[in-house]
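Enquirer: okay, predicted coordinates and the sequence, questions at the end:
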There are 2 protein chains.
Amino acid sequence: MFVPREECFVAVLKVKDEIMQSGREYLRQQGFTEILPVILSPITDPLHHDTFDGTVSFYGHPYQLTKSMILHKQIALRTLPRIYCFSPNVRMESAERAGLGRYLAEFVQLDLEARDASREEIMQIGEGLVVHVIATVINRCPAELSRLGRELSVPKTPFPRITFCEAKERFGQTLDDSLSASLSAPTWLIDFPRSVREFYDREDPQRPDILLDMDLIYPEGYGEALSGGEREHTLLRILRRLEQDALDKDKFFQYLAVAAAGIPPSAGFGIGIERLTRFVCGLDQIEQARLFPKTPGKIGAV
Amino acid sequence: MFVPREECFVAVLKVKDEIMQSGREYLRQQGFTEILPVILSPITDPLHHDTFDGTVSFYGHPYQLTKSMILHKQIALRTLPRIYCFSPNVRMESAERAGLGRYLAEFVQLDLEARDASREEIMQIGEGLVVHVIATVINRCPAELSRLGRELSVPKTPFPRITFCEAKERFGQTLDDSLSASLSAPTWLIDFPRSVREFYDREDPQRPDILLDMDLIYPEGYGEALSGGEREHTLLRILRRLEQDALDKDKFFQYLAVAAAGIPPSAGFGIGIERLTRFVCGLDQIEQARLFPKTPGKIGAV
């Protein structure tokens, strides 16, 4: 459905406010503490796919804009057992991705991590979060959903699961899009091979090359909702994974120094606020999900 | 009081979480909608004092890291009547300022703006916010405050006021520090002269060169809490003020284009979360108020 900006944008922004509020409510109930975001750091998520680096001179030294707070989340768990953050990320994706309708060059993730959690436990938290957010929006924003012509239902738990291998057999290379288009409810995509994911997602000790990670995929073609998993946390394993990914260890000096001092085992995920808003509101383009959207490759918008 | 990091840091982080939560509670009650932060833009607050620019190549074009969301807040009011944002700001202050204990090179402001509000109305909201946050922390965090050895009381409203002129007569050039050290309760500092503030704070039509703006000053030497005021909003007035401040109009092209289309009258303020946490917890240094603090001029911390 095309949503005329002037008529429906206020409704979208109200729903987004409730999404953020209800997300916090749920996480506070689950014992999570909110921490402040990190914008600049010598270290950030290297990401597995190519983006242009956001580099800033910090008193003469090259600092990176946060692509995700994964490394800082792990370090934060030395102090607190369960943390979350509304984390602004800058990822200058290639301009071709803009056409897919779900990429912004700047977006906000609700990013969380729990000490000593397993993938199973963090998937339960993910399901609880999505269910609570959708139920709350249905309950508190009936006028806005009606104005947007969006019929939503609370998904049943546990969400269905499909392994990366199964999905690839059924849907081929563009599995994210085809899988999402085939679904009528949010579905977990699990067990990614090491070659397609970042170094910090934990390899299954029982199944070499298979990671203990997951994405949540929205139905109706809305694509990826969240991405997460258990994490590598010992210095030896982290070094091994950096080597396997041919990443420059020097670029992660500060992270490795903390890992040497001790990072706890954990699992967590990040869920994009604009994508969640797009799905909940049933929007064509992700630019319709926020004020001041930045489209990959497009210059000049405030 | 010196707070040993290992003993008291968890208490500080819990109090900060409650500060953010209770701040939101109050603003939602007052009809404000939360919007997402802006990290990169062709335009940002020029600030009146010198900082190093955080410049990033955004697909080949020089974008600025947000120093404050003032210009975006004004534009957002075209869509929503009352907005707030937890806005991460990067201000690379000179290294000498680090010693003052209240500057971070990266911090978060709770930044809000209300369409058609007067300075009086927005000062009432500021008082209501500070009172609600302090009362909530006293109520929900007694163990944390006790651990930090902090005795807090809810300030009485209305807060006292002093004009910039009066304060300068009594305290001379370092009026922020001396005024704060002399106070036993939060106090408004109002009516700044045009020469010491930014172009967007509204000049009083009745008193040329005096602005309809204000700072809130913490007692006990904790310094500035928040800064705000009524805003210039007509294209003519904005152009005049840019000229008076010898600012390059071309740098504000996108903002001026929106102002030409119409920006509503408004007032608002931004209150620093780390400074509020420092005051509420009674901390020596602002670095003790968050994970991953960035001290001006100090390189290498994650």
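Expert: Cool, the structure landed. None of the values given here were measured: they were computed from a predicted structure. Numbers count the residues shown, from 1 in each chain, chains lettered A, B, ... in the order given.
Enquirer: got a list of what the closest residue to chain B within the stretch 101-250 of chain A touches?
Expert: Nearest residue of the stretch 101-250 of chain A to chain B, counting by Cβ to the nearest Cβ: A:Val108, 5.0 Å away. Just so you know, the C-beta spots here come from the backbone N, C-alpha and C atoms, and that holds for glycine as well. Taking Cβ atoms under 8 Å, 6 or more residues apart in numbering or on different chains, we find A:Val108 in contact with A:86-89, A:272-274, B:36-37.
Enquirer: which of these sit farthest apart?
Expert: Pairwise distances across the contacts of A:Val108 peak at 14.3 Å for A:Gly272 and B:Pro37 (criterion: Cβ to Cβ).
Enquirer: those two: who's more crowded?
Expert: A:Gly272 (25 against 22; other Cβ atoms under 10 Å in any protein chain shown).
Enquirer: next one: the more buried one from chain B, what distance?
Expert: As judged by Cβ to the nearest Cβ, to the nearest Å, A:Gly272 and chain B stand 11 Å apart.
Enquirer: isn't that residue right up against A:Gln109?
Expert: Yes - counting by Cβ atoms under 8 Å, A:Gly272 touches A:Gln109, with 5.5 Å between them.
Enquirer: tell me how far A:Pro158 lies from A:Leu236.
Expert: 34 Å (Cβ to Cβ, to the nearest Å).
Enquirer: again, but for A:Ala11
Expert: For A:Ala11, the distance to A:Leu236 - Cβ to Cβ - is 52 Å.
Enquirer: look at those two and report which has more neighbours.
Expert: Using other Cβ under 10 Å as the criterion, A:Ala11 and A:Leu236 rank with A:Ala11 on top: 19 against 9.
Enquirer: counting neighbours, what do you get for A:Thr66?
Expert: 27.
Enquirer: and A:Leu283, by the same measure?
Expert: 24.
Enquirer: so it is in which element?
Expert: Here A:Leu283, judged by DSSP states H and E, is contained in no helix and no strand.
Enquirer: show me what contacts the residue lying closest to A:Asp50 once chain neighbours are set aside?
Expert: The shortest distance from A:Asp50 to any non-neighbouring residue, by Cβ to Cβ, 6 or more residues apart in numbering or on different chains, is to A:Ser94 (7.2 Å). A:Ser94 makes contact with A:50-51, A:296-297 under the criterion Cβ under 8 Å, 6+ apart.
Enquirer: quick one: stretch A:116-128 to chain centroid distance?
Expert: Its chain's C-alpha centre and that of stretch A:116-128 lie 14 Å apart, by Cα atoms, centre = their mean, to the nearest Å.
Enquirer: how about stretch A:128-148?
Expert: For stretch A:128-148, the distance to the chain centre is 20 Å (Cα atoms, centre = their mean).
Enquirer: give me the contact status of it with chain B.
Expert: No - residues of stretch A:128-148 are not located near chain B by Cβ under 8 Å from any Cβ of the partner chain, the shortest gap being 11.3 Å.
Enquirer: and stretch A:18-38, by the same measure?
Expert: Yes - counting by Cβ under 8 Å from any Cβ, contacts between stretch A:18-38 and chain B involve A:20-21, A:24, A:28, A:33-38.
Enquirer: repeat that for stretch A:218-235.
Expert: No - using Cβ under 8 Å from any Cβ, stretch A:218-235 never reaches chain B; the gap is at least 15.9 Å.
Enquirer: what residues sit buried inside that stretch?
Expert: The neighbour-count check on stretch A:218-235 (16 or more other Cβ atoms under 10 Å in any protein chain shown) flags A:218-219, A:222-233, A:235 as buried.
Enquirer: what's the end-to-end length of that stretch?
Expert: Its start and end residues considered, stretch A:218-235 measures 35 Å (Cα to Cα, to the nearest Å).
Enquirer: cool, stretch A:288-298 as well?
Expert: Stretch A:288-298: ends 15 Å apart by Cα to Cα.
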